[in-house]
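# can you look at this prediction? I've put the sequence above it.
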Amino acid sequence: MSEIVSMKNICKSYYLCDEEIKVLKHINLKVYKGEFISVLGPSGSGKTTLMNIIGCLDVPTSGKYILCGNDISEMNETELAVIRNKEIGFVFQSFFLLPRLTALQNVELPLVYSGLPQKERRGRAKEMLCRVGLADKMNNLPSQLSGGQQQRVAIARALVTEPSIILADEPTGALDQKTGADIIGYFERLNAEGRTIIMITHDINVARHAHRTVNILDGQLTEARA
Amino acid sequence: MLFESIRMSFVNIRKNKLRSLLTMLGIVIGVASVIALITIVRGAADDIGNRVISLGGKKIYINVIGTPLKQGLTHNDAEEILSVGNITGISPTVSGMASVVYQGKVLENVVVEGKNEVYFKADPDLLASGRAVNILDLKSRNQVAVIGFNIARELFFGRNPIGEEIIINGMTYTVIGTLKETTGFRPDSTNDAVIIPYTTALRVLGVKYIKTLDAYLEDTSLADQTIMEIKGILNRAFNYNEDAYNVYNMGDIIDSFQSIMSMMSMLLAGIAAISLVVGGIGIMNMMLVSVSERTTEIGLRKALGATPFAIRLQFITESIFLSVTGGIIGLIMGVLLAYILAAVIGISVSVSLSTNLLAVGFSAAVGIVFGYMPAGKASRLNPIDALKSL
Ligand SMILES: Nc1ncnc2c1ncn2[C@@H]1O[C@H](COP(=O)(O)OP(=O)(O)OP(=O)(O)O)[C@@H](O)[C@H]1O
Ligand SMILES: [Mg+2]
């Protein structure tokens, strides 16, 4: 199985008034193609920080991170942006849809930055929206959609570039239990289709749906058997 | 991606209609006032310039101050100037003030000018009705007069003056023609003048000398040489006193007139720059507000793979979109304003493509310059902080 994420000795520190705050401490993590793993930890343990590094939104203070064969530590902002566009699909806790764009335009957005022509963009975005069951809501603005529907649009947006990993940070955090379960159901189906998914959560019941769970506590990872 | 940026600009500006409009106002007012100003000045300049060219492109003006011994040119001096090779004709002017009477109606202090047939031939557009002064009038010193527009109106109240008899300084003259009204601002307006044959004028106005004389050129490229010859004649006439006369080439005057006009235009462009800078600061302000309002959007776009360049492009496009829209609105308003003002003042309007392109180009430049900093700020936002800011 091919390695998608390979982290060796990753540390991340923040500095507040000369004081070093070690948020991530010597993290080693490998994620293989087709895995569905969850990162479980309490609030403040460093989950989001880890996800930002995996998602190339942030760079580690030290350590080596290789994503799909690309060494991230040596990349500049523009190269990171290209990697994010190509390899990563983000699903955020609070959806982050652009309020002035329709569902369809929101899903198209990552493809704009891939430089795809409009026609192809539109076709692929429509297809994705159909797959998340929103064929009839394409021209709705986010404000005209329910929370669960908005998160499905966000998932369609994450999938539309055919990324190597789906990165989800508390994807059910803003949803009620039933809608949350639906979303998790989507992730399971996507995983069954062969997608690699990393899901961050503080909820053990959500984490259970993944094949593998890693625990994070105070910036340190421990592998757990689900 | 550029197309996408333009579309997003449109969406954002439409969403903030009032704010965008207020922001554009600075540019709109700046461009409108400058376009109106430049258009009006151009129009006036063209009016004057065309007039001057049509009258005097081929003309040399001789203006005599004279010496105590000899206060002006004599008829013989004039004949000598006419004999210069490149000169096709001369038109001397003697002028004086006189009272003009018609059937008991008296006009005091009227400018009476003595002219010859060449003056009328040089500008066939002078006459409104009747005939011009001709060679026979000059030879036999006929007492005939061609009267200006205002004189005709004041003396005859719309009746046909041709053939009527008027009294100038106690002598009877027959009106043979009327002059067209001269419009706009002109130094050579004939509206209030009465023109009589210059030979007659020499006798009756009590002037012995010609003070001004126009010489018409055959070939303007030889003007300098011709002027040298004329100066030679004048030197001899005034005993080598060079302060006794002035000789102007109308072509030179037109050249300097045109260079003054282009300097004026440049000055106006400078004022344009100032007002556009003020407008630009307004745009910069709005763009900065927009960047901080849309921090989350920027963070999200970056997370989805927007490069710093793409973000910069989007915000610069928005800024240009604002300033160019303002520029075009200003342009339209400016041209309208110019037409209204020109109609009121009574000059023609000259809307030049280059001025319009300059205005739009300049407002685009303002968009780039003043959008650069806010766009740079947006492009440097850290995506994590940007996403957190919600
Ligand atoms: N920019 C920063 N500067 C300083 N400290 C930071 C910064 N960002 C995060 N931290 C600290 O790092 C730690 C981990 O934060 P992180 O956001 O990764 O937690 P989390 O596990 O995602 O928590 P939650 O479940 O509440 O989202 C926290 O103690 C936080 O205070
Ligand atoms: Mg978090």
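Now that the structure is in, tell me what you want to look at. Residues are numbered from 1 along each chain as shown, chains lettered A, B, ... in the order given. Ligands and ions are numbered 1, 2, ... in the order given.

# next, the buried residues of stretch A:63-79.
A:Gly63, A:Tyr65, A:Ile66, A:Leu67, A:Cys68, A:Asn70, A:Ile72, A:Met75, A:Glu77 (16 or more other C-beta atoms under 10 Å in any protein chain shown). No exception for glycine: its C-beta is placed from N, CA and C like everyone else's.

# what residues does that stretch touch?
A:3-11, A:26-27, A:53-54, A:56, A:59-60, A:80, A:83, A:87, A:164, B:307-309 (C-beta atoms under 8 Å, 6 or more residues apart in numbering or on different chains).

# can the strand or helix carrying B:Ile298 be found next to chain A?
Per DSSP states H and E, B:Ile298 falls inside helix B:295-303. Yes. Counting by C-beta under 8 Å from any C-beta of the partner chain, chain A has neighbours in helix B:295-303: B:Thr296, B:Glu297, B:Leu300, B:Arg301, B:Lys302, B:Ala303.

# okay, those in CSV with neighbour count and distance to B:Ala215 next?
Shown next, in CSV, are those (neighbours: other C-beta atoms under 10 Å in any protein chain shown; distance: C-beta to C-beta, whole Å):
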residue, neighbour count, distance to B:Ala215
B:Thr296, 17, 80
B:Glu297, 24, 76
B:Leu300, 24, 80
B:Arg301, 27, 76
B:Lys302, 28, 78
B:Ala303, 25, 82
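
# circling back to that earlier point, buried among the contacts of stretch A:63-79? Need that as a selection in ChimeraX.
The buried residues among the contacts of stretch A:63-79 can be selected in ChimeraX (16+ other C-beta under 10 Å) with this line:
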select /A:4,5,6,7,10,27,53,54,56,60,80,83,87,164 /B:307,308
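
# just to be careful, could you list which of the contacts of stretch A:63-79 are in strands?
A:Glu3, A:Ile4, A:Val5, A:Ser6, A:Met7, A:Lys8, A:Asn9, A:Ile10, A:Cys11, A:His26, A:Ile27 (DSSP state E).

# nearest to A:Tyr186 among those?
Comparing the ones in strands among the contacts of stretch A:63-79 against A:Tyr186 with C-beta to C-beta places A:Ile4 closest, at 19.9 Å.

# picking up where we left off before, hmm, the helix holding B:Ile298 in reach of ligand 1?
No. Helix B:295-303 does not reach ligand 1 (C-beta under 6 Å from any ligand atom); its nearest approach is 13.5 Å.

# could you say what helices and strands that helix packs with?
With contacts taken as 3 or more C-beta pairs under 8 Å, 6 or more residues apart in numbering or on different chains; DSSP states H and E, helix B:295-303 sits against helix A:77-87, helix B:308-345, helix B:383-388.

# the last one: which residues count as buried?
Of the residues in helix B:383-388, those with enough neighbours to count as buried (16+ other C-beta under 10 Å) are B:Pro383, B:Ile384, B:Ala386, B:Leu387.

# how close does the last one sit to B:Leu300?
In this case it means B:Leu387. Separation of B:Leu387 from B:Leu300 (C-beta to C-beta, to the nearest Å): 7 Å.

# what residues are shared contacts of those two?
Between them, B:Leu387 and B:Leu300 share these contacting residues under C-beta under 8 Å, 6+ apart: A:Phe96.

# all helices of chain A, in order?
A:47-54, A:77-87, A:103-114, A:118-131, A:147-159, A:177-192, A:204-207 (DSSP state H).

# okay if I get these as a markdown table plus mean pLDDT and distance to ligand 1?
A markdown table is the format used below for these (pLDDT from 0 to 100; distance: least, C-beta to the nearest ligand atom, whole Å):
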| stretch | mean pLDDT | distance to ligand 1 |
| --- | --- | --- |
| helix A:47-54 | 92 | 3 |
| helix A:77-87 | 94 | 18 |
| helix A:103-114 | 94 | 23 |
| helix A:118-131 | 94 | 27 |
| helix A:147-159 | 93 | 17 |
| helix A:177-192 | 90 | 16 |
| helix A:204-207 | 90 | 13 |
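
# so which of these gets nearest B:Ala215?
Of all the helices of chain A, it is helix A:118-131 that lies closest to B:Ala215, at 71.9 Å by C-beta to C-beta.

# just to revisit the earlier point, quick one: which of the buried residues of stretch A:63-79 is nearest B:Leu127?
Using C-beta to C-beta, A:Glu77 comes nearest to B:Leu127 of the buried residues of stretch A:63-79, at 79.1 Å.

# can you give me the mean pLDDT across stretch B:66-81?
What stretch B:66-81 shows for mean pLDDT is 85.

# quick one: end-to-end distance for that stretch.
Counting by C-alpha to C-alpha, to the nearest Å, you get 16 Å between the two ends of stretch B:66-81.

# how about B:Met261: what's its closest non-neighbour residue?
For B:Met261, ignoring the flanking residues on the chain, the nearest one in space by C-beta to C-beta, 6 or more residues apart in numbering or on different chains is B:Ala45 at 4.3 Å.

# cool, B:Glu229 as well?
Take B:Glu229 and drop its neighbours on the chain: the residue closest to it by C-beta to C-beta, 6+ apart is B:Val84, 5.0 Å away.

# secondary structure element holding the one you found?
Take DSSP H and E as the rule and B:Val84 turns out to sit in neither a helix nor a strand.

# which residue is nearest the middle of the chain?
Just going to use chain A. In chain A, the centroid-proximal residue (C-alpha atoms, centre = their mean) is A:Leu167; its distance is 1.6 Å.

# wait, I meant chain B there
Central residue of chain B (C-alpha atoms, centre = their mean): B:Ala45, at 0.9 Å.

# can you pull the contacts of it?
Taking C-beta under 8 Å, 6+ apart as the contact definition, B:Ala45 lies against B:Phe257, B:Gln258, B:Met261, B:Met264.

# mind checking how far the last one is from B:Ser275?
In other words, B:Met264. According to C-beta to C-beta, B:Met264 and B:Ser275 sit 17 Å apart.

# same thing with the second one?
Separation of B:Gln258 from B:Ser275 (C-beta to C-beta) stands at 26 Å.

# who has more neighbours out of these two?
In this view B:Gln258 and B:Ser275 are compared by other C-beta atoms under 10 Å in any protein chain shown, and B:Ser275 has more residues nearby, 18 against 14.

# now do the contacts for whatever residue of the stretch 151-300 of chain B ends up closest to chain A.
As assessed by C-beta to the nearest C-beta, chain A sits closest to B:Leu300 within the stretch 151-300 of chain B, at 4.7 Å. Contacts for B:Leu300 (C-beta under 8 Å, 6+ apart) come out as A:Phe96, A:Leu98, B:Ala386, B:Leu387.

# which one of those residues is nearest to ligand 1?
Top of the list for closeness to ligand 1, among the contacts of B:Leu300 and by C-beta to the nearest ligand atom, is B:Leu387 at 11.2 Å.

# thought that closest one was touching A:Phe96?
Yes. Counting by C-beta atoms under 8 Å, A:Phe96 is a contact partner of B:Leu387 at 7.1 Å.

# overlap in contacts, the two.
Common contacts of B:Leu387 and A:Phe96 (C-beta under 8 Å, 6+ apart): B:Thr296, B:Leu300, B:Ala303.

# where does the second one land on pLDDT?
Right, B:Leu300. What the model reports for B:Leu300 is a pLDDT of 94.

# which strands and helices lie in contact with whichever strand or helix holds B:Glu79?
According to DSSP H and E, B:Glu79 maps onto helix B:75-82. If contacts are counted by 3+ C-beta pairs under 8 Å, 6+ apart, helix B:75-82 sits against strand B:87-102, strand B:212-217, helix B:223-237.

# buried residues of it, list them for me.
Result for helix B:75-82 [16+ other C-beta under 10 Å]: buried residues B:Asp77, B:Ala78, B:Glu80, B:Ile81, B:Leu82.

# what does stretch B:1-11 give?
Per 16+ other C-beta under 10 Å, stretch B:1-11 contains these buried residues: B:Met1, B:Glu4, B:Ser5, B:Met8, B:Ser9.

# residues making contact with that stretch?
A:100-101, A:112-113, A:115, A:118, B:310, B:313-314, B:317-318, B:321-322.
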